[in-house]
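> I would like the atomic coordinates for the input below:
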Amino acid sequence: MTGPLQIQLVEAAVSGNIDSFGELCTYYYPSMVAIGYSVLADHQLAEDAAQEAFARALKNLRKLNRAEKFASWLAQICRNVAVDMVRVKARPAPADNLSQHSDINTNDASAEIVRNAIGKLPAPERELIALRYYNSLSYKQISAVLGISKGTINGRLTRAKRKLTKQLKRESFWES
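Presented below is the predicted three-dimensional model:
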């Protein structure tokens, strides 16, 4: 959701229309879960992070200077919540079960190798992989959520796929 509709909903929410904020939450919830998951590597914790991000966003909505930046502002809140959750647990997030959102069989050894390879990527690349391939968001949707250009998304995804390919070859997942 971008453009006039998003701006209208954000402005209505800032004015106190809780239904408008609810529509924004419904639309952005899957993306926020994916962002939380890219940090936490646990689907249920990612859902908790998304919900907390929405609560913080609602509380601080009046601080949002530009309605058109709502999605990227919300994404940053969600990232911060997820990072805080990791700190509270005082342990690194495991590279675990990204396949909950995919058709990959979680008991399959190949799926485990792929999950581990994804888990070794830097957080921004894991985030893009989760949004693009596990949540099936378009480049336009990812751009709106993360506040980065489609060209940046393409470059980061290309680098992430190269890194995954190298990692999977090292793991003898497939031969050159």
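
> Tell me the first helix or strand C-terminal of the strand or helix carrying Q76.
In the assignment (DSSP states H and E), Q76 maps to helix 70-89. Scanning forward in sequence from helix 70-89 by DSSP H and E, the next helix or strand is helix 109-119.

> Which helix runs longest in this structure?
helix 18-40 (DSSP state H).

> Output that helix in PDB with nothing but the alpha carbons.
Output in PDB follows, covering the C-alpha atoms of helix 18-40 (Å, rounded to 0.1, in the frame of the first residue of the first chain):
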ATOM      1  CA  ILE A  18      -8.500   3.500  15.200                       C
ATOM      2  CA  ASP A  19     -10.200   1.700  12.300                       C
ATOM      3  CA  SER A  20      -7.700   3.400   9.900                       C
ATOM      4  CA  PHE A  21      -4.800   2.200  12.100                       C
ATOM      5  CA  GLY A  22      -6.400  -1.300  12.100                       C
ATOM      6  CA  GLU A  23      -6.400  -1.300   8.300                       C
ATOM      7  CA  LEU A  24      -2.700  -0.400   8.300                       C
ATOM      8  CA  CYS A  25      -2.000  -3.100  10.800                       C
ATOM      9  CA  THR A  26      -3.800  -5.700   8.700                       C
ATOM     10  CA  TYR A  27      -2.000  -4.700   5.600                       C
ATOM     11  CA  TYR A  28       1.500  -4.600   7.100                       C
ATOM     12  CA  TYR A  29       1.300  -7.400   9.600                       C
ATOM     13  CA  PRO A  30       2.800 -10.100   7.300                       C
ATOM     14  CA  SER A  31       5.700  -7.800   6.400                       C
ATOM     15  CA  MET A  32       6.400  -7.000  10.000                       C
ATOM     16  CA  VAL A  33       6.400 -10.700  11.000                       C
ATOM     17  CA  ALA A  34       8.900 -11.300   8.200                       C
ATOM     18  CA  ILE A  35      11.100  -8.500   9.400                       C
ATOM     19  CA  GLY A  36      10.900  -9.800  13.000                       C
ATOM     20  CA  TYR A  37      11.700 -13.300  11.800                       C
ATOM     21  CA  SER A  38      14.800 -12.100   9.900                       C
ATOM     22  CA  VAL A  39      16.200 -11.000  13.300                       C
ATOM     23  CA  LEU A  40      14.700 -13.600  15.700                       C
END
